[in-house]
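Asks: Sequence and predicted structure below; questions after.
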Amino acid sequence: MDNKSKKSLLPVKHRATHEFPRKSEGQLPSSYGSFLKDLKVRIRTVQLKAVLSVNSELILLYYDIGIAIMEKQQNEGWGNKTINRLSIDLYNSFPDMKGFSPRNLLYMKQFAEAYIGHSISQQAVAKLPWGHNVILIDKLDSTEQRLWYAQKTIEHGWSRAVLIHQIESG
């Protein structure tokens, strides 16, 4: 078997962009354009839902970590040295994951304290990115205010900068 024949037996590698034989636009069915547009919308919608789902799970994880740290500090007197060590150990265990700095671990604790007694998964804050939640913790004192601003952020799609502006001007 020559080299040319061997190559044809090898599997074709898929690329990010496929080069398919193209028919001229006139030969495509008239419904093709709207069909493609609808598929793109569905794909983007599912992609967004996946990102939001991952975000919600991350927020719930941060809440759970915050509760655990809060309990350890109350029951066992954990201090800054233990939090610093926890940060290092979590980073070493999950080097590709951000968010385990000592400062962020303390934000997780504050987040848990802010919403203790609330079903966090049912709250608007579980749908916000972590950076938005940190702003709510830093800038607002009451849970009611935080929840109100979280809901408005979701309704209006506020960025962090807009959220800060709304809080400071409100």
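Replies: Great, that's in hand.

Asks: how many other residues sit next to residue 106?
Replies: 15 (other CB atoms under 10 Å). Using the backbone N, CA and C atoms, a C-beta is placed for each residue, glycine as well.

Asks: my read: it touches residue 83, true?
Replies: Yes. If you go by CB atoms under 8 Å, residue 106 and residue 83 touch, sitting 6.7 Å apart.

Asks: Report the spatially nearest residue to residue 112, omitting neighbours in sequence.
Replies: Counting by CB to CB, 6 or more residues apart in numbering, residue 112 lies nearest to residue 66, which is 3.0 Å off, once chain neighbours are set aside.

Asks: What helix or strand is the one you found located in?
Replies: Assigned by DSSP states H and E, residue 66 belongs to helix 32-76.

Asks: Just after that helix, pick out the following helix or strand.
Replies: Helix 32-76 is succeeded, C-terminally, by helix 80-93 (DSSP H and E).

Asks: So which bits of that next one are buried?
Replies: Within helix 80-93, the residues that qualify as buried are 83, 86, 87, 90, counting by 16 or more other CB atoms under 10 Å.

Asks: Dump those to a markdown table, plus pLDDT and distance to residue 143.
Replies: Formatted as a markdown table, the buried residues of helix 80-93 follow (pLDDT from 0 to 100; distance: CB to CB, whole Å):
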| residue | pLDDT | distance to residue 143 |
| --- | --- | --- |
| 83 | 96 | 24 |
| 86 | 97 | 26 |
| 87 | 97 | 27 |
| 90 | 97 | 27 |
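
Asks: Least confident secondary structure element in the protein?
Replies: When the helices and strands of the chain are scored by mean pLDDT, DSSP states H and E, helix 3-9 comes last with a mean of 48.
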